[in-house]
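Trainee: Any chance you could fold what I've pasted below:
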Amino acid sequence: MGERAGWLGANRANWNERAAIHAARDGSGYQVQHFVDNSSLLSDVVSFDLPVLGDITGKNTVHLQCHIGTDSISLARLGATVTGLDFSEDAIREARTLAAETGDAVTFVEADIHDAAKVLPGNSFDLVYTGIGALCWLPRVDAWATVVAELLAPGGSLVIREGHPILWSVDDSVGDELRLRYPYFEHDEPLEWDDGQTYVPTDKIIQASTTYEWNHSLGEIVTALLTSGLRIDLLTEHDSVPWEALPGQMTLRPGGEWALTERSGVMPLTYTIRATKPV
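Mentor: Model prediction:
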């Protein structure tokens with residue numbers, strides 16, 4: 001338990017640093033000033049999810065692992081009543097500051113995702129939303145699925161789009177070759193990384209650069225949701241991802257999505273799942 005706490009503590013320190021970098025108002029990071037200047041702007045991530053989200057007007061929504069809140073604010077702009085939750089105190093502070101500047105009514109709560117059903121009302125959310133790049137920071141996907149089921153009201157749905165586990169298995173350091181290197185299946189010991197960079201434009205270097213990640217296979221994710229009592233309504237795999245996941249091998253599409261340049265479609269890069277808690 002102590003070792004796991006150390007891994008998660010290192011990840012929290014890393015995301016605390018990323019929060020200020022991503023929330024910069026100078027055009028770097030998440031370019032959040034655009035959300036302040038344009039009250040109808042939606043994030044690229046939420047825009048991509050619109051066909052699956054459908055009409056969420058009035059839906060009681062929780063955004064798990066919300067980071068600095070750009071996706072949470074986007075959900076609120078679609079008419080949902082939104083609570084964002086994240087384990088990073090700095091991210092929650094930046095999210096609250098941004099929402100105050102934009103005027104969007106979003107509640108932000110600082111808590112570990114595993115405690116979400118303890119700090120938020122259970123069986124009460126019409127929509128649980130999880131954006132991209134979230135599950136790899138969690139040691140066990142079944143624990144996450146249990147939390148999702150505990151939060152959802154009967155008839156409520158989970159919507160998640162994530163990096164595909166086959167993408168997390170690819171070695172991105174071998175030029176234009178697609179080569180599998182890292183575990184595809186869930187593993188007890190995390191992969192350790194030491195990287196002072198982040199995934200959006202910035203000239204800042206992260207000092208808390210050591211992070212720990214876990215992969216979860218698509219079968220493990222689906223099985224965890226089914227075991228938690230949810231019904232799988234939709235599973236779609238995509239040939240694009242909203243960041244340059246394999247540098248030098250990708251082309252930017254309109255709308256902020258990146259796809260493989262030479263072998264587009266040879267492998268899935270992301271997936272979407274919609275799952276419902278039966279009435």
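Trainee: send the alpha carbons of the longest helix along the chain over as PDB?
Mentor: In the chain, with assignment by DSSP state H, the single longest helix is helix 2-22. Coordinates of each C-alpha in helix 2-22 appear next as PDB, following Å, rounded to 0.1, in the frame of the first residue of the first chain:
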ATOM      1  CA  GLY A   2       2.900   2.300   0.800                       C
ATOM      2  CA  GLU A   3       4.500   1.700  -2.500                       C
ATOM      3  CA  ARG A   4       1.300   2.400  -4.400                       C
ATOM      4  CA  ALA A   5       0.700   5.600  -2.400                       C
ATOM      5  CA  GLY A   6       4.200   6.700  -3.400                       C
ATOM      6  CA  TRP A   7       3.500   6.100  -7.100                       C
ATOM      7  CA  LEU A   8       0.200   8.000  -6.900                       C
ATOM      8  CA  GLY A   9       1.900  10.800  -4.900                       C
ATOM      9  CA  ALA A  10       4.500  11.200  -7.600                       C
ATOM     10  CA  ASN A  11       1.800  11.400 -10.200                       C
ATOM     11  CA  ARG A  12      -0.100  14.000  -8.200                       C
ATOM     12  CA  ALA A  13       3.100  16.200  -7.900                       C
ATOM     13  CA  ASN A  14       3.600  15.900 -11.700                       C
ATOM     14  CA  TRP A  15       0.000  17.000 -12.400                       C
ATOM     15  CA  ASN A  16       0.200  19.800  -9.900                       C
ATOM     16  CA  GLU A  17       3.000  21.200 -12.000                       C
ATOM     17  CA  ARG A  18       1.200  20.600 -15.200                       C
ATOM     18  CA  ALA A  19      -1.900  22.500 -14.000                       C
ATOM     19  CA  ALA A  20      -0.200  25.900 -14.000                       C
ATOM     20  CA  ILE A  21       1.500  25.200 -17.300                       C
ATOM     21  CA  HIS A  22      -1.700  24.000 -19.000                       C
END
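Trainee: got the residue ranges for the strands in this structure?
Mentor: Secondary structure of the chain (DSSP state E): strands located at 60-64, 81-86, 106-110, 125-130, 152-163, 170-171, 179-180, 191-194, 210-213, 231-238, 240-241, 250-252, 258-260, 270-276.
Trainee: So what touches the fifth one?
Mentor: By that I understand strand 152-163. Taking contacts as CB atoms under 8 Å, 6 or more residues apart in numbering, the residues outside strand 152-163 that touch it are 45, 48-49, 52-53, 60, 123-136, 148, 225, 230, 233, 238, 241, 245, 269-279. Quick note: C-beta positions are derived from backbone N, CA and C, even for glycine.
Trainee: Which one of the strands of the chain lies nearest to Leu8?
Mentor: strand 210-213 (7.8 Å; CB to CB).
Trainee: Output the contacting helices and strands for that closest one.
Mentor: helix 2-22, strand 191-194 (3 or more CB pairs under 8 Å, 6 or more residues apart in numbering; DSSP states H and E).
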